[in-house]
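*Asks:* Fold the following.
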Amino acid sequence: MTTTVPDAALEVLQRVFGYDAFRGDQARVVAHVVAGGDALVLMPTGAGKSLCYQVPSLVRGGTGVVVSPLIALMQDQVDALTALGVRAGFLNSTQDPDQRRAVEQAYLAGELDLLYLAPERLRVASTVRLLERGRIALFAIDEAHCVAQWGHDFRPDYLLLSELHERWPDVPRLALTATATPETHAEIAQRLDLGDALHVVASFDRPNIQYRIAPKDEPRKQLLQLLRDEHPGEAGIVYCLSRKSVEQTAAWLAAQGVAALPYHAGLDAPVRQRHQARFLREDGLVMVATIAFGMGIDKPDVRFVAHLDLPKSVEGYYQETGRAGRDGLPSTAWLAYGLADVVQQRKMIDESEGDLAHRRRLTQHLDAMLALCETVACRRVQLLAYFGQESEACGNCDTCLVPPETWDGTVAAQKVLSTVYRLDRERGQRFGAGQVVDVLLGKRTPKVAQSRHDELSVFGIGGELSEGEWRGVVRQLLAQGLLAVTGSYQVLALTEASRPVLAGEQQVRLRKDPVRSARTRSRSSSAPADLPPGAAPVFERLRAWRAAAASEQGVPAYVVFHDATLREIATTLPATTAELGRVSGIGEGKLARYGAGVLEVLAGAPPAATAGPAAAPAAAPAAAPAAAPAASPGPDPEEDWHEQEPPDEDG
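*Replies:* Here you go, the predicted model:
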């Protein structure tokens, strides 16, 4: 079905944002919202969700009100819009009273195109009264998965947003998220009363991201190899399960010459804000973090996301890996995964608060994540199937590029299960995976000798496999539910599913782990990101100029231009302002502000910031920088928000 987009929307897209046409489902959403309709939009990170509310806000009369949980990033979002000539502001707890008053007055005077608020701010009666006194173009509810009880970022304050329609029945509402299963999608629609809205579910596929999951074998060294061989000097995020691991990994990378910073909820707020600001504004930094970092990070040139520990769910994994390659250029999602991850996650579920139904849901999330790790089929096919979408083998994940082998592991499984059974029955004891493997290999360790496990009939029956291979067998038996982890000491126990295997009634197929994690893409093979001969030096000169311009203005480099825009400039070498204006992503505001500087660089001038304050478009009253929050008098119901971290572990 052909969508007729209003001429005014196309004019804004071209003049302000510098794009000739909408992508994918953007046109349908924009046309619907401009006409006053509600919409629920599911689009992957990097697909251009923001344009779905930014363009209608500029076309419709009034101010677009954006409800977002990303308080620490609002300043950067406003900076990016201001660089385009859009009048934007925000209200949150980082501002002092004078700054808030300036933004409020701009809103009431009709001088704001977009106003960002945290959901907590709508609990404040004065904020509601303020909104009622102005003219609202639309409500955009960003990160809408926060409303879902079983989504990965449940946030109760989002439940209040269902009241927006009751108070402003004629104002269109637009809910957006990058990650939602069909169940989460349905819950968002129900909780926000969007059942009759236009529902748009774009493909969740991010073909520029290469998904790779490697068996753990000194994971920090594996990570360092990835950074040195494939992403030297490039920005990336490394996720760890615990705060302790975050700090140790960041320090270790720094000692290896990698520019790395730690980030977790246990750090003081000013430290977190400073590290986040550096990551957003500087090129080539690696952020080592817990899941407290990242939701909504608007940094397009993150070239890799690495996980040193197993994520708790496919939704969380997809959301986190989606922070790579927002600019559409080739990027890597890499995960190191081992037996200890499975044991630790099973233990955390057993010890989690909540009723049986809650633990069962956590187990379902983990089982889906384990299935993704253990699959022998295309990882992208399995990942998209989790979100209810069909696809074909991608040719750009590790299982497509280096197809894994499978083997009949029935006998090996029986040996492991028999050892667990005899340790329990004949000695009345239960042990972890290490002791089981030592018994199978016939190792007379002090612990084996002290427990007299060398007297068991299963002692030494596993010489056909190495220690690493046996640990892989145990890991896969845990993943398949043929073994369980019980108690605070993470001991192994049989399950009901173990019985038919022990009885020889059920075959067990296992995935053969590679001896070592092989690289599936080297720098030289990432052709889509490569520049034509001769363009690379120009690109680097443009990056240096951009860094200077961004530093002078105190904004992230991508606010000036995305890497993709610089690559097109370096490739096409525009010689005039008119030619430069035809480059994708350069609208009138950026052309006026940066055009002369870019042309000087292309003419061979030394890189220097040439975009002075006088060249900047008029901006709405600004807010205080997020890195330096000012104290405000009296209690404030709004707090900076971080995703919940798991209990700190040594793992």
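
*Asks:* What is the lowest-mean-pLDDT helix or strand in the chain packed up against?
*Replies:* When the helices and strands of the chain are scored by mean pLDDT, DSSP states H and E, strand 483-486 comes last with a mean of 82. Applying 3 or more C-beta pairs under 8 Å, 6 or more residues apart in numbering; DSSP states H and E, one finds that strand 483-486 contacts helix 339-350, helix 410-425, helix 467-479, strand 491-494. In short, each C-beta sits where N, CA and C put it, glycine included.

*Asks:* will you turn those into CSV that also has mean neighbour count?
*Replies:* Output for the helices and strands packed on strand 483-486, formatted as CSV (neighbours: other C-beta atoms under 10 Å):
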stretch, mean neighbour count
helix 339-350, 21
helix 410-425, 20
helix 467-479, 22
strand 491-494, 19
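
*Asks:* And these: which comes nearest K512?
*Replies:* helix 467-479 (8.3 Å; C-beta to C-beta).

*Asks:* Rebuild the helices and strands packed on strand 483-486 as JSON lines, extending it with mean pLDDT and distance to K299.
*Replies:* Listed next are these as JSON lines, based on pLDDT from 0 to 100; distance: least, C-beta to C-beta, whole Å:
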{"stretch": "helix 339-350", "mean pLDDT": "85", "distance to K299": "27"}
{"stretch": "helix 410-425", "mean pLDDT": "90", "distance to K299": "45"}
{"stretch": "helix 467-479", "mean pLDDT": "89", "distance to K299": "33"}
{"stretch": "strand 491-494", "mean pLDDT": "87", "distance to K299": "42"}
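
*Asks:* got TSV for these, with distance to P533 too?
*Replies:* TSV is the format used below for the helices and strands packed on strand 483-486 (distance: least, C-beta to C-beta, whole Å):
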stretch	distance to P533
helix 339-350	44
helix 410-425	53
helix 467-479	44
strand 491-494	58
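
*Asks:* Which among those is found nearest to G388?
*Replies:* Per C-beta to C-beta, nearest to G388 of the helices and strands packed on strand 483-486: helix 467-479, 22.7 Å.

*Asks:* which other residues reach the closest one?
*Replies:* Here helix 467-479 makes contact (C-beta atoms under 8 Å, 6 or more residues apart in numbering) with 215, 217, 338-339, 342-343, 346, 367, 370-371, 373-374, 409, 412-413, 416-417, 433, 436-437, 440-441, 462, 465, 483-485, 492, 508, 510-511, 513.

*Asks:* Of those residues, just the buried ones, PyMOL syntax please.
*Replies:* To isolate the buried members of the contacts of helix 467-479 in PyMOL, using 16 or more other C-beta atoms under 10 Å:
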select buried, resi 215+338+339+342+343+346+370+373+374+409+412+413+416+417+433+436+437+440+441+462+465+483+484+485+492+508+510+511+513
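
*Asks:* now the strands for the stretch 101-250 of the chain?
*Replies:* Remark: strands assigned in the stretch 101-250 of the chain by DSSP state E, counting those that start in this stretch are 114-117, 136-141, 173-177, 198-201, 209-215, 236-239.

*Asks:* Please compute how far the least confident helix or strand of the chain lies from its chain's middle.
*Replies:* Its chain's average C-alpha position is 30 Å from that of strand 483-486, according to C-alpha atoms, centre = their mean, to the nearest Å.

*Asks:* Can you give the strand pairings for it, parallel or anti for each?
*Replies:* Here strand 483-486 has these sheet partners by DSSP bridges: strand 491-494 (antiparallel).

*Asks:* possible to save the strands of the stretch 101-250 of the chain as a markdown table with mean pLDDT and distance to A393?
*Replies:* Shown next, in a markdown table, are the strands of the stretch 101-250 of the chain (pLDDT from 0 to 100; distance: least, C-beta to C-beta, whole Å):
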| stretch | mean pLDDT | distance to A393 |
| --- | --- | --- |
| strand 114-117 | 96 | 41 |
| strand 136-141 | 95 | 36 |
| strand 173-177 | 93 | 27 |
| strand 198-201 | 93 | 22 |
| strand 209-215 | 94 | 12 |
| strand 236-239 | 96 | 26 |
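
*Asks:* Quick one, which of those strands gets closest to H185.
*Replies:* Nearest of the strands of the stretch 101-250 of the chain (C-beta to C-beta): strand 198-201, 7.1 Å.
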